[in-house]
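J.: Okay, predicted coordinates and the sequence, questions at the end:
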Amino acid sequence: MNSDGQSFTKLSKDQPTILYGGIALAMLASAAVLWLATGEVLVVLAYSLGMAVLLGAALVFERLQSPKEFETLAVPDWSVTAAAIESFANEAVAITDRANRLTCANSAYVDWFGSDTAPPNLPLDRASLEQLVRLVRQAWRDGHAKTERIHADAGSASWTVSANRTGRGEDHLIWRFRKIEPEIADPLAGYDVTGPFGRMLARAGIEAAITGPDGLIKSASQGFAARAAGDPNSTLAGQDFVSFLRSDDRERIFFSREGRSGTPQTLIHVPLDDPDGPPAAGPEEAPSLMLLVDSGVGIGAGWEGAGQGTAQLEGLLAQLPLGLAMTDRDGRFLFANDAFLRAVDREERGLPAFPTDLVVRDDKAALSDAVRRHGRGPATAGNMAVRMSAQPEEPISLGLAGVRGMGEAAVLLSLADSSQETQLKRQVAQATKMQAVGQLAGGVAHDFNNVLTAIIGTCDLMLLRHTPGDSDYDDIQQIRANSNRAAALTRQLLAFSRQQTLRPEILQLPDVVSEVGHLITRLLGEKIEYKVQHDRNLGPVRADPQQLEQVIMNLAVNARDAIQMHRGGSGRISLTTKRINMREVEQMGSEILPAADYTVLIVEDTGGGIPAEVMPKLFEPFFTTKEQGKGTGLGLSTAYGIVKQSGGFLFADNVKGTGGRIVGARFSVYFPVYHGAMPEAPQEPVEQASSEWSGGGRILLVEDEDMVRAVAERALARAGYEITACADGEEGLQAITAGGQFDLVVSDVVMPGMDGPAMARAIRESHPDLPVLFMSGYAEEQLRKDIDIPRMHFLSKPFSVQQISDKVADVMRAIPR
């Protein structure tokens, strides 16, 4: 019996065997006595059989009472188990049975998960609950399972979990949860002065230590430990930094251990706050890098040797990637490293006299006061926002720190070199602006095309009533010619916004160059030398040959105008094609050009180059440096749009001659090499019948612009068609649903309310074979991608009376009869 009065007595496995063996011997003895007494064999057999039956029944009854070999099990004492698992440090331990019921748990488990929940049904996130369910199955199957990390449903707590099958019948699981402590980032991880960096500083006569906001040392270089404590392996952590230093009546700083027999030190205090993080309330809240520069001056030598320490410091600062400069107490520059010169865009011109010469006028007074304030009094540090003269639109953070004991040097200026970041920002801003201008240009071109369609169509209708020689004939022709010129400008706008219709082909750049060669020669004149050079094994490209010819012509004309403006009309233009493979592109390190094989077209001139202030605006529409009336400003923007719509890239830069002088501009057009299947050879053109269609037909005309609708209606009615004109998509759909029978639908694409494609889809539900002819000022290729309607035809705006009549006739002729 235990203290609770429970019985733990059990029969051994041998006791049943001995008991029933004795009974069997007694039965044999009684049978022998009976045989001797009676002499009857049958009586003895009957007696023996009966006793055997009784013995078997007793054995069966005993087996049923003790199924495990007569073993009587004790009731488990969970209080002992609970006391045992309570000793697990930093772990939550729980025991569950086959039904996942909590049998026993320690206090850590109760604190973390509560006493009314049992694994795997714990307050965890969904992914962690799924992990525990899989862990339970694996533990019951394999006897052991473990998962590396589970997370709480609320909060940031996480644990590692293991489960082991246990018990006499292996009918329980022991769960162990170990909390994962979050890693705390060390703010001083990037400033290790105990290793090679500290030894490098020591060789330069500079000892370094990292101190906390409380002035206690966090870590120190071996050189500092050797001079401060006499043992280079001493950590000095937790000791007061100031306790290792002393000063004399002349405010010179010495190591306390060396005393005045040592060399004076120059102390530089560098706050180690995060320049990209939120500003600290003051330098006293951040850890600090303490630099002690050996001035090399003995006792009584005065300050004549201070320049040696300053020179050592300048040598160190010159190697750092952070832009650093030093000024005297009056604010005059003494030194600046290369990173500082790059940050203020003064690499070639050098430093000015004062820091205020670097900033805009409004910031001069504030910077001057800050430099004087940090140059006098106790050493302080801080930051201020200033705007550099080279980049007045982008404020930057300038760090100022007062330094003492360095002779003339009084203020240390720090400035991050953000030239690459600034360049990237400009590129992103330029790309965003170009995209916005492109969208605006496309919208203006679309609306302008509607106006031009009405003007050109009205002129065509008026010319039908006038013959050459009439007083109004020449005026109408002049209006029509100017309208066609305006239509060409809208096509250029659409090219810039990449919304024009392209018909790409697989071609070789030298073939296109040779096609326009005679035109370029005629445009350039006799004073400009024109040179063409083609590389071998050029890859084919996929582009619209006519649009590519326009790109080459625009670049050539732009180069000619530059030569005429800067060199009086004499110069040289070279046009080169070359192949660049993927490896060469990777070596270029361009962030814009993807790594691939390219065929490049290069147009180079000797026109004096592109000014730096013009370069960012070079491809903007309507931007020109030519005189009034000598350029529209759409030549380069059109070329840019065509190249981008063709999947290529257009870059502009300056060409430098001897001595680094800029002599001209260079435009490089990169087209990806086409690696697909080559198209079949074009078939011989088949002579087609006349475009005149004399069969007539019923046409549903849908156009929201009144003037365009009127011109189209008159043009088609003149061609013999029966026209039903509607002002919007809803009206056009109603004409169909009302029972109207039509052979063709002619519709605008963009309309208020129901647009053309939506109306066409609704019509196709009841008339699936009715063809549709869309009229639009946008690109056909893009519209076909967006609309995707079978048996769809396209007519680009602006169009003439003859063009819409011919297009409708072609569509009507193709309708099966």
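T.: Structure received.
J.: which phi and psi does Leu322 have?
T.: phi -80, psi 140 (degrees, to the nearest 10).
J.: quick one: low-confidence parts of the stretch 151-300 of the chain?
T.: Within the stretch 151-300 of the chain, the ranges that satisfy pLDDT under 70 run 154-156, 182-191, 249-250, 261, 273-285, 295-300.
J.: what ranges do the strands span in it?
T.: Along the stretch 151-300 of the chain, counting by DSSP state E, counting those that start in this stretch, strands occupy 158-166, 172-179, 206-211, 217-220, 245-247, 253-255, 265-271, 288-294.
J.: in the second one, what counts as buried?
T.: In other words, strand 172-179. Under the neighbour-count criterion of 16 or more other CB atoms under 10 Å, strand 172-179 has 172-177 buried. Where C-beta positions appear, they are placed from N, C-alpha and C, glycine not excepted.
J.: what's the closest of the residues you listed to Val386?
T.: Distance to Val386 across the buried residues of strand 172-179 (CB to CB) is lowest for Phe177, with 54.9 Å.
J.: show me what contacts the residue nearest to the closest one when sequence neighbours are not counted?
T.: Distances taken as CB to CB, 6 or more residues apart in numbering put Ala92 closest to Phe177, at 4.0 Å, once the chain neighbours are dropped. Ala92 sits next to 105-106, 108-109, 111-113, 159, 175-179 when contact means CB atoms under 8 Å, 6 or more residues apart in numbering.
J.: 7 Å instead?
T.: 106, 108-109, 112, 177 (CB atoms under 7 Å, 6 or more residues apart in numbering).
J.: possible to save those residues as TSV with distance to Ile150 and secondary structure?
T.: Output for those, formatted as TSV (distance: CB to CB, whole Å; DSSP: H, G, I helix; E, B strand; the rest coil):
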residue	distance to Ile150	secondary structure
Asn106	18	coil
Ala108	16	helix
Tyr109	14	helix
Trp112	11	helix
Phe177	8	strand
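J.: So for Arg718, which of the strands of the stretch 151-300 of the chain sits nearest?
T.: strand 158-166 (81.0 Å).
J.: Alpha carbons of the closest one, as CSV, please.
T.: Taking Å, rounded to 0.1, in the frame of the first residue of the first chain, the C-alpha atoms of strand 158-166 are listed here in CSV:
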residue,chain,number,x,y,z
SER,A,158,7.4,31.1,-31.2
TRP,A,159,8.5,27.7,-30.0
THR,A,160,10.2,24.5,-31.1
VAL,A,161,8.1,21.4,-30.3
SER,A,162,8.8,17.7,-29.9
ALA,A,163,6.4,14.8,-29.0
ASN,A,164,7.4,11.3,-27.8
ARG,A,165,5.1,8.2,-27.4
THR,A,166,5.4,6.7,-23.9
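J.: tell me the angle of that strand relative to strand 172-179?
T.: 160 degrees (axes from the mean of the first three to the mean of the last three CA atoms, to 10 degrees).
J.: Can you list the buried residues in strand 158-166?
T.: Buried residues in strand 158-166, defined by neighbour count with 16+ other CB under 10 Å: 158-159, 161-163, 165.
J.: Return the member of these nearest to Ala353.
T.: Of all the buried residues of strand 158-166, Ser158 has the smallest distance to Ala353: 59.2 Å, by CB to CB.
J.: Beta-bridge partners for that closest one, please?
T.: When bridges are called by DSSP bridges, Ser158 pairs up with His151.
J.: can you tell me how far it sits from Leu124?
T.: 9 Å (CB to CB, to the nearest Å).
J.: where do the contact lists of those two overlap?
T.: 150-151.
J.: Highest neighbour count among the contacts of Ala92?
T.: For these, the largest number of neighbours (other CB atoms under 10 Å) sits with Tyr109, at 26 neighbours.
J.: who are the neighbours in contact with it?
T.: Contact analysis of Tyr109 by CB under 7 Å, 6+ apart lists 92-94, 177.
J.: Turn these into a markdown table, including distance to Phe255 and secondary structure.
T.: Listed next are these as a markdown table, based on distance: CB to CB, whole Å; three-state DSSP:
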| residue | distance to Phe255 | secondary structure |
| --- | --- | --- |
| Ala92 | 53 | strand |
| Val93 | 55 | strand |
| Ala94 | 59 | strand |
| Phe177 | 53 | strand |
